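Enquirer: Generate coordinates for the sequence data below:
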Amino acid sequence: IETHLCTTIDVCEQRDPKGLYEKARHGKIDGFTGISAPYETPEHPALTIDTASLTVEGSVANIMQQLAQRLY
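Expert: Numbering: from 1, shown residues only. Okay, here's the model as predicted:
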């Protein structure tokens, strides 16, 4: 089951412990997705989860529910 976990770029930057987004913004990393390279959203995922609005537990529950509905 294709699952798309999405969030805003601001949240991605907040969750970046290595500071890669900051390095990319200063031109130190070429081809960084969302900064110097495009981000391509999946066209038809079976499930999309916005991790900015759901906890890890909520996200897992959502995925498990979808798997159960599909009899996995």
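
Enquirer: pLDDT value on Asp10, please?
Expert: Note for Asp10: predicted pLDDT of 95.

Enquirer: Could you list the buried residues of the lengthiest helix in the chain?
Expert: In the chain, with assignment by DSSP state H, the single longest helix is helix 56-69. If you call a residue buried by 16 or more other CB atoms under 10 Å, then helix 56-69 has these buried ones: Ser59. In short, each C-beta sits where N, CA and C put it, glycine included.

Enquirer: From the contact counts, what lies against it?
Expert: strand 3-6, strand 47-50 (3 or more CB pairs under 8 Å, 6 or more residues apart in numbering; DSSP states H and E).

Enquirer: CA atoms only: put it into PDB for me.
Expert: Coordinates of each C-alpha in helix 56-69 appear next as PDB, following Å, rounded to 0.1, in the frame of the first residue of the first chain:
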ATOM      1  CA  VAL A  56       3.200   9.200  15.400                       C
ATOM      2  CA  GLU A  57       0.700   7.000  17.300                       C
ATOM      3  CA  GLY A  58      -2.200   8.500  15.300                       C
ATOM      4  CA  SER A  59      -0.300   8.000  12.000                       C
ATOM      5  CA  VAL A  60       0.400   4.400  12.800                       C
ATOM      6  CA  ALA A  61      -3.200   3.800  13.800                       C
ATOM      7  CA  ASN A  62      -4.400   5.300  10.500                       C
ATOM      8  CA  ILE A  63      -2.000   3.000   8.600                       C
ATOM      9  CA  MET A  64      -3.000  -0.100  10.600                       C
ATOM     10  CA  GLN A  65      -6.700   0.700  10.000                       C
ATOM     11  CA  GLN A  66      -6.200   1.000   6.200                       C
ATOM     12  CA  LEU A  67      -4.200  -2.300   6.200                       C
ATOM     13  CA  ALA A  68      -7.000  -4.000   8.100                       C
ATOM     14  CA  GLN A  69      -9.600  -2.700   5.700                       C
END
